[in-house]
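# Give me a model of this one.
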Amino acid sequence: MSTTSTANRGIVVFSGGSAANNLVDVFSSLRESKNCSLSYIIPISDNGGSSSELIRMFGGPGIGDVRSRLVRLIPDSPPNSERAAIKALFNHRLAADAAAARVEWLDIVDGTSEIWRAVTPAKKELIRSFFNLLNLEILKRARPPSSTFDFTSASVGNLFLTGARLFSGSFESAIYLLGSICGVPSDTVRVIPAINSHFSHHISASLADGTVIVGQNSISHPSEATASQPRPGSRCPSLPLADGVTDVQDTNNTNGSTITYEDHDDHPPGALPTLRQKSIQFSKTDNEDLASRITRIWYINAYGQEIAPPANPRVLDSLQDSQAIIYSIGSLYTSLIPSLILRGVGQAIVNSPARHKILILNGSLDRESGPPSNPLTATNFVEAITRAGEESRGRTHLPIPASPTSTEQAQPPLDPTLPYSSYVTHVLHLDGPGTPQVDRDSLAEMGIETLRLYGRKIVSAAESPLGMMYDSTALTQALEMVLGRKGDAMLRGGEKNGLSRRNTLDPGRQW
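The predicted model follows:
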C-alpha cells in the first residue's frame, strides 16, 4: 500500500467513451481542487464502428473509447494552432462512401491532405510514419477481391493507435505516444485500458428471459439493417449458458430467431463470425428496446467460452492509491461492468483507502436500462455494480434475481449478503422526466447516501423530454462537497454567492 497522504491520493474514474467525455472538465476541476492525480479506467471490449474493421483485420483490443478520451483531454487551444489541428486530425472520420474514404486516407498517408496544414513538419512526419506502417500492413493482409480493408467512416485516431500498437507491440506504449503527441499531461492524468492486452476481448450478456447476446455492439447498439449479416448455414459454436439460459441470440438478426452460421475461410477456426463482421455500422439514437433486463455480463474467448481475464495491473495500482472512486455516467453494462468484473478489481475496490465511492447516475434511460415498462432504478445500478465487483472476487456467479415467467415484476428484495456500501457510498442524481427512479429509503438501507442535483432537460426535436443533463457547476460542487471541500456552506449560501438555483445542489437532499 502506498504511503502517500490521503489528501494527495488519486481519483479513479470508471467510464466508457462518449457519454463521460461530457464530464471531463468536471473531473479536471475536481483533480485541480484536490491537487492529485486522475486516472480514467476505460474498457476495451468495443467491437462496433471503426473498431470492428480494425479488429477484423488486425485483432487487438477495442480502442475507440481510449482514443476518444485521449483526444478529449487535449487542452483547449486557438482554432488555428497546431494543437487544435492535431485534435481535429485524431477526431476526424473518413468519408461514409468507401471509395471516397480510401482516397481520403491515401491523401493523409502521403501528406497532401489539407488536414495537415497547421501541423509542423516534425510532428507531421512522426505521425505519418505510423500511418505508413499501418497502410503497409493493410496491403500485406489484403486478399482482393474477397478481403480488403474498409475505410468507410474510419476514425483517423483509431488508425494511428493501431499503427503505433503494431509498431511497438504494446497497447500502452501506443497510448503513451498518442497522449504525448496530444499534449496530455501523463504525470497527472492517466488513461488506462482496463485490460493491458495485444489481443481482442469480447463480452456476452444474458437477459432475464434466457436470451444471450454476443458482442458489445449487439448489447448496446445493434447494427443497422445495412450492416453485414451472418449467413445461414451450420449452427454457431455453442456458448456456455448461465443458469436458466436456454438459447443464444445475435441481435443483428432482425427477426429475433436463433442465428446459424456456415464455416468460411475469412474466420479462423473457433472464431465466432458474429465478432468478425466487416465494418459494423450502428446508430446510437435509434435502437430497439431489449425484451427484458440484462442480468449478467461476462468475457468470452474466440470459441464463445467464458473466460475471466485479469485487470491491467495499473488499474489495481490506481485503486490501491485512491482517495475517491467515481462511476461515471454512461452505459451501465458496456461502459462500467466490463471493467468491474475483471479479476482483481473487486478486491481492489473493497480494500481501497478511498472513503468515497460515488455513482453519478445517468440522466436518462438507454437500451441497457431495460425495457421501458420496467427500467432500472438507482438501486438496480448499485446492485449491478456490487454483483460485478463480487463476481470479480469469485464470491458470486449469480445473475440479478428475475422471475422465469415474467420479467415485468416488482423489485426483488435486497440481498443482505452483498456489501453494497463497500462499492458505492454516495449516489449523485438528477430528478426529472426520463431519469432513473431513485428510492432513497432503499439506498439508505444499503448504507448509501444520496444527493440530488439540478440539471437541464434534454428534449427531442418534437419537444418531448428525453432525460436530464448535469450542470457542470452543480456537479463539480457536489463532488467537491462529498470529498470534503467547501462543505455545506455552499448549499446554504448559493444564492448569496451569486450562483443561480439551477446551478446549486438541492438543499433538500437526504443524508
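
# how many other residues sit next to Pro416?
Neighbours of Pro416 under the rule other Cβ atoms under 10 Å: 7. The C-beta positions use only the backbone N, C-alpha and C, and glycine is treated the same way.

# what's it sitting at in phi/psi?
Dihedral angles of Pro416 (phi, psi; degrees, to the nearest 10) stand at phi -70, psi -10.

# Quick one, grab the pLDDT at it.
On pLDDT, Pro416 comes in at 84.

# got it, and Thr226?
28.

# Next: Pro230.
pLDDT for Pro230: 34.

# And Ile41, by the same measure?
98.

# can you check Pro372 too?
In this model, Pro372 carries a pLDDT of 87.

# Repeat that for the one 4 residues further on.
Confidence at Leu376, expressed as pLDDT, is 94.

# next one: Leu178
Here, the pLDDT recorded for Leu178 equals 96.

# go on, Gly270?
pLDDT at Gly270 comes out at 44.

# All the strands of the stretch 101-250 of the chain, residue numbers only.
Using DSSP state E, counting those that start in this stretch, the strands of the stretch 101-250 of the chain run over residues 189-193, 202-207, 212-214.

# can you put the ones you listed in TSV and add mean neighbour count and mean pLDDT?
Putting these into TSV (neighbours: other Cβ atoms under 10 Å; pLDDT from 0 to 100) gives the following:
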stretch	mean neighbour count	mean pLDDT
strand 189-193	22	97
strand 202-207	24	93
strand 212-214	24	91
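
# Asn35: how many residues sit nearby?
Using other Cβ under 10 Å, Asn35 is surrounded by 9 other residues.

# so for the longest helix belonging to the chain, what's the average pLDDT?
In the chain, with assignment by DSSP state H, the single longest helix is helix 121-141. What helix 121-141 shows for mean pLDDT is 97.

# buried sites along it?
By 16 or more other Cβ atoms under 10 Å, the buried positions in helix 121-141 come out as 124, 127-128, 130-131, 134-135, 137-138.

# Identify the residues contacting that helix?
Helix 121-141 is contacted from outside by 57-58, 82, 86, 89, 105-106, 108-109, 111, 116, 119, 147, 149, 159-160, 162-164, 166-167, 181, using Cβ atoms under 8 Å, 6 or more residues apart in numbering.

# Please export the C-alpha coordinates of it as PDB.
This file holds the C-alpha atoms of helix 121-141, laid out as PDB (Å, rounded to 0.1, in the frame of the first residue of the first chain):
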ATOM      1  CA  PRO A 121       6.700  19.200 -40.300                       C
ATOM      2  CA  ALA A 122       8.500  17.400 -37.500                       C
ATOM      3  CA  LYS A 123       5.200  16.300 -35.900                       C
ATOM      4  CA  LYS A 124       3.600  15.600 -39.200                       C
ATOM      5  CA  GLU A 125       6.400  13.200 -40.300                       C
ATOM      6  CA  LEU A 126       6.300  11.400 -36.900                       C
ATOM      7  CA  ILE A 127       2.500  10.800 -37.200                       C
ATOM      8  CA  ARG A 128       2.800   9.900 -40.900                       C
ATOM      9  CA  SER A 129       5.300   7.200 -40.200                       C
ATOM     10  CA  PHE A 130       2.800   5.300 -38.200                       C
ATOM     11  CA  PHE A 131       0.100   5.800 -40.900                       C
ATOM     12  CA  ASN A 132       2.500   4.500 -43.500                       C
ATOM     13  CA  LEU A 133       3.300   1.400 -41.300                       C
ATOM     14  CA  LEU A 134      -0.400   0.700 -40.900                       C
ATOM     15  CA  ASN A 135      -1.000   1.200 -44.600                       C
ATOM     16  CA  LEU A 136       1.700  -1.300 -45.400                       C
ATOM     17  CA  GLU A 137       0.200  -3.800 -43.000                       C
ATOM     18  CA  ILE A 138      -3.200  -3.300 -44.600                       C
ATOM     19  CA  LEU A 139      -1.800  -4.000 -48.100                       C
ATOM     20  CA  LYS A 140       0.000  -7.100 -46.800                       C
ATOM     21  CA  ARG A 141      -3.200  -8.600 -45.300                       C
END
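
# Quick one: buried ones out of the contacts of helix 121-141?
Buried among those by 16+ other Cβ under 10 Å: 57-58, 86, 89, 105, 108-109, 116, 119, 149, 159-160, 162-164, 166-167, 181.

# these two touch, right, Ser18 and Val71?
No - using Cβ atoms under 8 Å, Ser18 makes no contact with Val71, being 11.5 Å away.

# Have a look at those two and say which one is more surrounded.
Val71 (21 against 16).

# mind checking the SS state of that one?
helix (DSSP: H, G, I helix; E, B strand; the rest coil).

# For it, list the residues it contacts.
Applying Cβ under 8 Å, 6+ apart to Val71 gives the contacts 87, 90-91, 157, 182.

# Just the pLDDT for it.
95.

# With Thr254 instead?
According to the prediction, Thr254 has pLDDT 35.

# Farthest-apart pair in the contacts of Val71, please.
By the measure Cβ to Cβ, Asn91 and Cys182 form the most distant pair in the contacts of Val71, at 10.6 Å.

# Compare those two and say which is more crowded by neighbours.
Using other Cβ under 10 Å, the more surrounded residue of Asn91 and Cys182 is Cys182, with 20 against 15.

# what helix or strand does the closest residue to that one other than its chain neighbours sit in?
Distances taken as Cβ to Cβ, 6 or more residues apart in numbering put Ile74 closest to Cys182, at 4.7 Å, once the chain neighbours are dropped. Counting by DSSP states H and E, no helix or strand carries Ile74.

# show me what contacts Ile74?
When the contact criterion is Cβ under 8 Å, 6+ apart, the partners of Ile74 are 83, 86-87, 182-184.

# Redo the residues you listed as TSV? Include distance to Gly49 and pLDDT.
Formatted as TSV, the contacts of Ile74 follow (distance: Cβ to Cβ, whole Å; pLDDT from 0 to 100):
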residue	distance to Gly49	pLDDT
Arg83	26	93
Ile86	22	96
Lys87	20	95
Cys182	21	93
Gly183	26	92
Val184	23	92
